[in-house]
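Enquirer: The following block contains a protein sequence and its predicted model.
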Amino acid sequence: MNHRVFIAINLPENIKNKISDYEKEWYDMPCRWTKRENLHITLAFLGSLTDEDVLEVCNIAKEVAAKHAPFIIELNKILYGPPGKPPRMIWVEGKESEDLGKLQTDLENSINKLSAESENKKGQPYSPHITLGRLKQWEFQKLELEERPEVNEDISLNFQVKSLEVMESELKKKGPEYAILESLPLGSDKI
């Protein structure tokens, strides 16, 4: 059996609640909003994996997580994304984080060894983002530019990252459903 797998940082409940409250500001936006329980930061999307591959990814992710200490993520803006391209989403953006960049790069490099396509980024700072909603493109494109709501909200939220999760995504008619396959604590070999 194949599994659609990604590795993510799940958000604390209080952060999920605060972020999902912002949807109310754009209630009439032609958008499919992300379910509150699905809000997360993707570190690596792995696609369709066999049971054996999932087990190997969990082991690799566990080793990587153990080498990184817990750290803080700061979320500071809600805007259209991705930046520099025609809007496809509304997302929450965070400040660049060296700790997050090192974790994400270490994770990608370790997992890419499986496919021999390693792309060494040397722990560059990484700007996290959370997809708040996906624009319904056909409806959004019909809006005149001046009719499109402005999405550019400064926010100030932060939380401590203590673990990363290997997740499975099952695509359903009402949107994806996510399940945690394994939760991996950060810094277990730093104690």
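Expert: Received the coordinates, thanks.
Enquirer: Which residue is the nearest non-sequential neighbour of residue 80?
Expert: residue 87 (3.7 Å; Cβ to Cβ, 6 or more residues apart in numbering). Where you see a C-beta, it was placed from the backbone N, CA and C, and this is true even at glycine.
Enquirer: what about the one you found, distance to residue 42?
Expert: 19 Å (Cβ to Cβ, to the nearest Å).
Enquirer: what does residue 112 give?
Expert: From residue 112 across to residue 42, the span is 16 Å (Cβ to Cβ).
Enquirer: pLDDT at residue 120, what is it?
Expert: On pLDDT, residue 120 comes in at 44.
Enquirer: who's in contact with the residue lying closest to residue 32 once chain neighbours are set aside?
Expert: Ranked by Cβ to Cβ, 6+ apart and with sequence neighbours excluded, the top spatial neighbour of residue 32 is residue 134, at 5.0 Å. Shown in contact with residue 134 (Cβ atoms under 8 Å, 6 or more residues apart in numbering): 31, 32, 34, 88, 89.
Enquirer: What about the residues you listed, which are in helices?
Expert: Applying DSSP state H to the contacts of residue 134, no entry is found in helices.
Enquirer: Tell me which two of these sit farthest apart.
Expert: Based on Cβ to Cβ, the longest span within the contacts of residue 134 runs between 34 and 88 and measures 13.3 Å.
Enquirer: that older thread, so which strand or helix has the residue nearest to residue 32?
Expert: strand 129-135 (DSSP states H and E).
Enquirer: Now do that strand: distance to the chain's middle.
Expert: On the basis of Cα atoms, centre = their mean, to the nearest Å, strand 129-135 sits 9 Å off its chain's mean C-alpha point.
Enquirer: average pLDDT for that strand?
Expert: Regarding strand 129-135, the rounded mean pLDDT is 94.
Enquirer: And the next helix or strand past that strand?
Expert: Downstream of strand 129-135 (by DSSP H and E), the next one is helix 137-142.
Enquirer: List the buried residues for that next one?
Expert: Within helix 137-142, the residues scored as buried using 16 or more other Cβ atoms under 10 Å are residue 140.
Enquirer: Please give the three-state secondary structure assignment for the residue nearest the centre of the chain.
Expert: Geometric centre of the chain, nearest residue: residue 41, 2.0 Å, by Cα atoms, centre = their mean. Under DSSP: H, G, I helix; E, B strand; the rest coil, residue 41 falls in the strand class.
Enquirer: what residue ranges in the protein score low on pLDDT?
Expert: 113-125, 188-191 (pLDDT under 70).
Enquirer: Strands of the protein, residue ranges please.
Expert: With strands called from DSSP state E, the chain shows them at 3-10, 31-33, 40-49, 71-81, 89-94, 129-135, 152-161, 163-170, 177-185.
Enquirer: Understood, closing this out.
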